[in-house]
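Asks: this is the structure alone, sequence omitted:
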Ligand SMILES: [Zn+2]
């Protein structure tokens, strides 16, 4: 990817970080909270290949943005999807097109690079990769399968992203050739037992977490209000509660004693 485009993406991230007051350099699963500030996020577990999607729909005469995240995927994949959709919501492609002369690169490529730059800042990626290689007494040249597996798994856990994102990033930053991406991926996937062992021995708690979450922010509260004010038929409210695994339990507007 051309340098001007990458620079524009990095500049865009800096602007957004300042605007949104994003202080932590490594975003990881904080990306969900950042995304929720920008649009309506639907979390739902579907036994399907889809990772997620982004749509714009008119609501009360205004265009609103919606993002869907498939929670049947492991956490690092959901983080990746959320950051990718955040790129669409923030319209990073528009910024790049407005700021780079004669830019006619595919939108998905811009958003893909945004996702990588946002979740794995260049300097820190270099630093952490170097640190981990030094820990494994790497002395230059090609990598053994063991060191590669350790390096990729370490970085996956550090940034909370999928293996293919780390491997692609190694290529983007010039550590491996484009041809090596597929080879690295194959070797990585062929060594599942070693991967599991590395996670266990290093206690990498961020990786491969999966929980079927069914959620839209404020849904429980909103349903209670709708129910109270009889704005929808009871059977519809019950259907939504069932689909989102919401029990009626303690009403959200109950008051709890607190002195502050
Ligand atoms: Zn996309």
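Replies: Here it is on my side, so go on. Predicted model only: the values in this text are computed from it and were never measured.

Asks: low-confidence ranges in this structure?
Replies: Residue ranges of the chain with pLDDT under 70: 248.

Asks: do a quick rundown of the helices in the stretch 51-200 of the chain.
Replies: Ranges of helices in the stretch 51-200 of the chain, per DSSP state H, counting those that start in this stretch, are 75-89, 92-99, 107-119, 122-135, 145-159, 163-172, 178-190, 192-202.

Asks: okay if I get those helices as CSV plus mean neighbour count?
Replies: Where C-beta positions appear, they are placed from N, C-alpha and C, glycine not excepted. Putting the helices of the stretch 51-200 of the chain into CSV (neighbours: other C-beta atoms under 10 Å) gives the following:
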stretch, mean neighbour count
helix 75-89, 23
helix 92-99, 18
helix 107-119, 21
helix 122-135, 14
helix 145-159, 20
helix 163-172, 20
helix 178-190, 13
helix 192-202, 13
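
Asks: not counting the stretch of helix or strand residue 11 belongs to itself, show me its contacts.
Replies: Residue 11 belongs to helix 3-20 when assigned by DSSP states H and E. The contact list for helix 3-20 (C-beta atoms under 8 Å, 6 or more residues apart in numbering) reads 22, 34, 37, 90, 92, 95-96, 99-101, 103, 105, 110, 113-114, 117-118, 122.

Asks: quick one: buried residues of that helix?
Replies: 5-6, 8-10, 12-13, 16-17 (16 or more other C-beta atoms under 10 Å).

Asks: and the residues you listed, which is closest to residue 188?
Replies: Ranked by distance to residue 188 (C-beta to C-beta), the buried residues of helix 3-20 are led by residue 6 at 25.1 Å.

Asks: distance of that closest one from residue 203?
Replies: As judged by C-beta to C-beta, to the nearest Å, residue 6 and residue 203 stand 34 Å apart.

Asks: switch the buried residues of helix 3-20 over to a markdown table; also include distance to residue 253.
Replies: Listed next are the buried residues of helix 3-20 as a markdown table, based on distance: C-beta to C-beta, whole Å:
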| residue | distance to residue 253 |
| --- | --- |
| 5 | 49 |
| 6 | 48 |
| 8 | 46 |
| 9 | 43 |
| 10 | 44 |
| 12 | 40 |
| 13 | 39 |
| 16 | 34 |
| 17 | 35 |
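
Asks: greatest separation within the residues you listed: which pair is it?
Replies: Greatest spatial distance among the buried residues of helix 3-20 (C-beta to C-beta): 5 and 17, at 18.8 Å.

Asks: can you pull the contacts of residue 173?
Replies: Residues counted as contacts of residue 173 (C-beta under 8 Å, 6+ apart) are 122, 125-126.

Asks: need the contact list for the nearest residue to residue 45 once chain neighbours are set aside.
Replies: Closest residue to residue 45 apart from its sequence neighbours, by C-beta to C-beta, 6 or more residues apart in numbering: residue 212 at 3.7 Å. Applying C-beta under 8 Å, 6+ apart to residue 212 gives the contacts 45, 71-72.

Asks: then residue 253?
Replies: Counting by C-beta under 8 Å, 6+ apart, residue 253 makes contact with 221, 224.

Asks: for residue 219, see how far away it is.
Replies: Using C-beta to C-beta, residue 253 is found at 14 Å from residue 219.
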